[in-house]
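*Asks:* Got a sequence here, can you model it:
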Amino acid sequence: MNIHNFSRRVTAVTFAAVLVLSGCHKKVAPPPVAALPPQPPAPTARVTANPSVIESGQSSTLSWTTANADKVTISGLGPAGVNGSQSVTPLRSTDYTVTATGADGASIEATARVTVNQAVAVTAPTPAPGPTMTEEQMFGQSVHDVHFDYDKYALRAGDEATADQDATFLKSHAGMKVVIEGNCDDRGSEEYNLALGESRAESLKKALVADGVDTSRIKMVSFGEEKPICNEENESCWQQNRRDHLRLDHEAQ
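*Replies:* A predicted model of the protein is given here:
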């Protein structure tokens, strides 16, 4: 073999080796990025009141629609269907708020207001003087108990109106001081019911104070399940026992 042919062979072998080594350092593409799971759609809510302005004693119809909601509640009414309507007869102007909550916990609110025009009082002829009522009799006729749902201490919509009437009487008789007695039905432990009765009494006290009754005129006591007014084991009886009872505070007179 002459030197010229040998040189050509060495050059070809070297070129092939370079190609092999270059192939060993070829870049590898990165793995594809996993796609994020789709987010649940946000809930929506809409509510209307028809009519939105009523006279005292009249009714209005609430109509609401929601989308992408797992739970729907309406203030003053409680849990509701995702769509629906309901007649309401508020005693005073009231905001009804629909809260729609989605599967991920996100929520949205929509509110409709029902404005109540209070009837103009008509002055009645002055009646002839009758027998004078005692303070105790006036209190008993004008101040009423409020009642609660099972295991709850928040005032219900109807009982808020009762609390307003009680406050109106107390404000017109500034010399009277009262005791709020919190009571429960006989379900639950004695310790639990004493605490629940105290929370119920506190709820009514806050409502009276918010309506203008001085807090210094109000005392509270919890009897738990100790003072039932009905002893039958049924819901009708239990409902009577779940109450705040108001009485005159004779020790303060």
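*Asks:* Confirm that Gln165 sits in a helix.
*Replies:* Yes - counting by DSSP: H, G, I helix; E, B strand; the rest coil, Gln165 is part of a helix.
*Asks:* So which residues of the stretch 51-200 of the chain form strands?
*Replies:* Counting by DSSP state E, counting those that start in this stretch, one finds strands in the stretch 51-200 of the chain at the ranges 53-55, 60-67, 71-74, 78-80, 83-88, 94-101, 107-117, 146-147, 178-183.
*Asks:* Contacts for the shortest one next, please.
*Replies:* Residues lying outside strand 146-147 but in contact with it, judged by CB atoms under 8 Å, 6 or more residues apart in numbering, are Leu155, Arg156, Asp159, Thr162, Ala163, Asp166, Leu204, Gln239, Gln240, Arg242, Arg243, Asp244. Yep, even glycine has a C-beta here, placed from its N, CA and C like the rest.
*Asks:* Give me the subset of those lying in helices.
*Replies:* Of those, the ones assigned to helices by DSSP state H are Asp159, Thr162, Ala163, Asp166, Leu204, Gln239, Gln240.
*Asks:* so what's the residue nearest the centre of the chain up against?
*Replies:* Centroid-nearest residue in the chain, with CA atoms, centre = their mean: Ser75, separated by 5.7 Å. When contacts are counted by CB under 8 Å, 6+ apart, Ser75 touches Asp95, Tyr96, Thr97, Thr99.
*Asks:* if we go to 7 Å?
*Replies:* Residues in contact with Ser75 (CB atoms under 7 Å, 6 or more residues apart in numbering) are Tyr96, Thr97.
*Asks:* Could you do Ser236 as well?
*Replies:* Applying CB under 7 Å, 6+ apart, no residues qualify as near Ser236.
*Asks:* give me that answer again for 8 Å
*Replies:* Contacts for Ser236 were tallied using CB under 8 Å, 6+ apart; they are Cys230.
*Asks:* I'd like the distance from Glu251 to Met138, if you could.
*Replies:* 19 Å (CB to CB, to the nearest Å).
*Asks:* Counting neighbours, go ahead and name the busier of those two.
*Replies:* When Glu251 and Met138 are compared for neighbours, Met138 comes out ahead with 15 against 8, by other CB atoms under 10 Å.
*Asks:* Look up how far Glu235 lies from the more buried one.
*Replies:* 33 Å.
*Asks:* same question, Ser222
*Replies:* From Ser222 to Glu235 the distance is 22 Å (CB to CB).
*Asks:* With His144 instead?
*Replies:* For His144, the distance to Glu235 equals 21 Å [CB to CB].
*Asks:* the more surrounded of the two?
*Replies:* Using other CB under 10 Å as the criterion, His144 and Glu235 rank with His144 on top: 16 against 10.
*Asks:* Show the pLDDT at that one.
*Replies:* For His144, the model assigns a pLDDT of 94.
*Asks:* now for the ones in helices among the contacts of strand 146-147, which pair is the farthest apart?
*Replies:* Largest separation among the ones in helices among the contacts of strand 146-147 by CB to CB: Asp166 and Gln239, giving 19.3 Å.
*Asks:* Name whatever forms a beta bridge with Ser63.
*Replies:* Listed beta-bridge partners, Ser63: Thr48, Ser85 (assigned using DSSP bridges).
*Asks:* Enumerate every residue touching it.
*Replies:* Val47, Thr48, Asn50, Gly84, Ser85.
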